[in-house]
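A.B. asks: show me the folded form of this:
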Amino acid sequence: MSYDWQPLLLTFRLAAVTTLILFVIGIPLAYWVAYARTRFKPVVETLVSMPLVLPPSVLGFYLLLAFSPQNAFGQWLEQWFNIRLAFSFAGLVIGSVIFSLPFMVHPIQSGFQNLPVSLIEASRTLGKPDPVTLFRVLLPNIKPALLSGAVLSFAHTIGEFGVILMIGGNIPGVTKVASIAIYDEVESLNYAAANFYAGVLFAITFAILLTVYLVNKKWLRAH
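C.D. replies: Numbers count the residues shown, from 1 in each chain. Predicted coordinates:
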């Protein structure tokens, strides 16, 4: 039996793009949350953590409303930039970034908070600006946290369903990722195809997580 690999390839493409974007925005956000001293910090932490407890369908519903051309934001994007986010790959990326944000920020934040404060103080004493302290002093000392954040974000994006279904629907080659394909095949009672997609996701996710645990264990032993 031949299987359609397109949903799997689209899934890994979505996970890779999402993880890359989360790296760019997650590191400075985690740094700010770890060291900020402001009364607004609990609000930011709450917003970052919301996807952990918010039903995916709720987040997907509000994103669908925001992206819809019938609403102000979606209409503005379409009129001025000719961009339609609803039922598009770009919309999936935005939804995935929001939904997987805590899986990138929390491990990196924890890594920052577990470092001795003396590292930052020594760097500032030497006159190093904060960006240099971040990239030359702190990040090299939290490699396991960075790896954990990247892998958890990637794996979490692979397993998304509710948000994807709400804002992307089921468009082959555009928004039909593996989780949607599994749902479709089960509805069609095609369990062989569903088992194929599920088995591939299970095997790859297991291999990725196992690699992370082994690498982190080796790094901790070396340090």
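A.B. asks: let me see the ranges of the strands in the protein.
C.D. replies: Using DSSP state E, no strands are found in the chain.
A.B. asks: give me the most central residue, it.
C.D. replies: The centroid of the chain falls nearest to residue 100 when counting by Cα atoms, centre = their mean (3.4 Å).
A.B. asks: buried stuff in whichever helix in the chain runs longest?
C.D. replies: The single longest helix within the chain, with elements called by DSSP state H, is helix 191-222. For helix 191-222, the neighbour count (16 or more other Cβ atoms under 10 Å) marks 193-194, 196-198, 200-201, 204-205, 212, 216 as buried. For the C-beta atoms, the positions are set from N, CA and C on the backbone; glycine is no exception.
A.B. asks: what residues does stretch 184-199 touch?
C.D. replies: Here stretch 184-199 makes contact (Cβ atoms under 8 Å, 6 or more residues apart in numbering) with 1, 3, 7-8, 170, 176, 178, 181-182.
A.B. asks: recalculate using a threshold of 10 Å.
C.D. replies: 1, 3-5, 7-8, 11, 170, 172, 176-183, 202 (Cβ atoms under 10 Å, 6 or more residues apart in numbering).
A.B. asks: tell me who's in contact with the nearest residue to residue 143 once chain neighbours are set aside.
C.D. replies: Nearest residue to residue 143, sequence neighbours excluded (Cβ to Cβ, 6 or more residues apart in numbering): residue 219, at 6.2 Å. Counting by Cβ under 10 Å, 6+ apart, residue 219 touches 143-144, 147.
A.B. asks: gap between residue 219 and residue 144?
C.D. replies: 5 Å (Cβ to Cβ, to the nearest Å).
A.B. asks: check residue 207 too.
C.D. replies: 18 Å.
A.B. asks: now do residue 212
C.D. replies: In terms of Cβ to Cβ, residue 212 sits 8 Å off from residue 144.
A.B. asks: got it, and residue 102?
C.D. replies: Distance from residue 102 to residue 144, by Cβ to Cβ: 18 Å.
A.B. asks: okay, residue 222: pLDDT?
C.D. replies: At residue 222, the pLDDT value in this model is 69.
A.B. asks: check residue 172 too.
C.D. replies: pLDDT recorded at residue 172 is 91.
A.B. asks: that one contacts residue 6, correct?
C.D. replies: Yes - contact criterion Cβ atoms under 10 Å: residue 172 and residue 6 qualify, at 6.7 Å.
A.B. asks: which residues are in contact with each of those two?
C.D. replies: With Cβ under 10 Å, 6+ apart as the test, residue 172 and residue 6 both reach residue 181.
A.B. asks: lovely, talk soon.
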